[in-house]
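S.K.: Quick one: sequence plus predicted model below, questions after.
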Amino acid sequence: MGAVDHLEGRTALYVCNCNGIRERQVRAAIAAGASRPAEVFRVHQCQPRCAKCVCEIRQMIGESREALRYAAE
Ligand code: FES
């Protein structure tokens, strides 16, 4: 996971440090239909810079798909 930030008394994990995208923001983009890391960046109106977060975003998308597949069974 990325860096940790304290916001409004809660802990927020950054997935993308370059663009300040938090885990919950990635999950929101996935829930809105993002199926590739590029779409997650597009939803948040930014572009990858160092791309260190791309593997983690891809993993989160995969986990979401797995959860949906499991729920559909
Ligand atoms: S950490 Fe996401 S582009 Fe650098």
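M.R.: That came in fine, so what should we check first? None of these values were measured; they are calculated from a predicted model. Numbers count the residues shown, from 1 in each chain.
S.K.: neighbouring contacts of the longest helix along the chain?
M.R.: Longest helix in the chain by number of residues (criterion: DSSP state H): helix 54-72. Counting by CB atoms under 8 Å, 6 or more residues apart in numbering, helix 54-72 makes contact with 1-2, 15-16, 23, 26-27, 30-31, 34-37, 40, 48, all of which sit outside it. To be clear about C-beta, it is placed using only N, CA and C from the backbone, and glycine gets the same treatment.
S.K.: Of the residues you listed, which ones also sit close to the ligand?
M.R.: 16, 48 (CB under 6 Å from any ligand atom).
S.K.: buried subset of the contacts of helix 54-72?
M.R.: In the contacts of helix 54-72, burial by neighbour count holds for 2, 15, 16, 23, 26, 27, 30, 34, 37, 40, 48, counting by 16 or more other CB atoms under 10 Å.
S.K.: Can you lay out the residues you listed as JSON lines showing distance to residue 57 and secondary structure?
M.R.: As requested, the buried ones among the contacts of helix 54-72 are exported to JSON lines (distance: CB to CB, whole Å; DSSP: H, G, I helix; E, B strand; the rest coil):
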{"residue": "2", "distance to residue 57": "11", "secondary structure": "coil"}
{"residue": "15", "distance to residue 57": "6", "secondary structure": "strand"}
{"residue": "16", "distance to residue 57": "7", "secondary structure": "strand"}
{"residue": "23", "distance to residue 57": "10", "secondary structure": "helix"}
{"residue": "26", "distance to residue 57": "6", "secondary structure": "helix"}
{"residue": "27", "distance to residue 57": "10", "secondary structure": "helix"}
{"residue": "30", "distance to residue 57": "9", "secondary structure": "helix"}
{"residue": "34", "distance to residue 57": "9", "secondary structure": "coil"}
{"residue": "37", "distance to residue 57": "4", "secondary structure": "helix"}
{"residue": "40", "distance to residue 57": "5", "secondary structure": "helix"}
{"residue": "48", "distance to residue 57": "9", "secondary structure": "coil"}
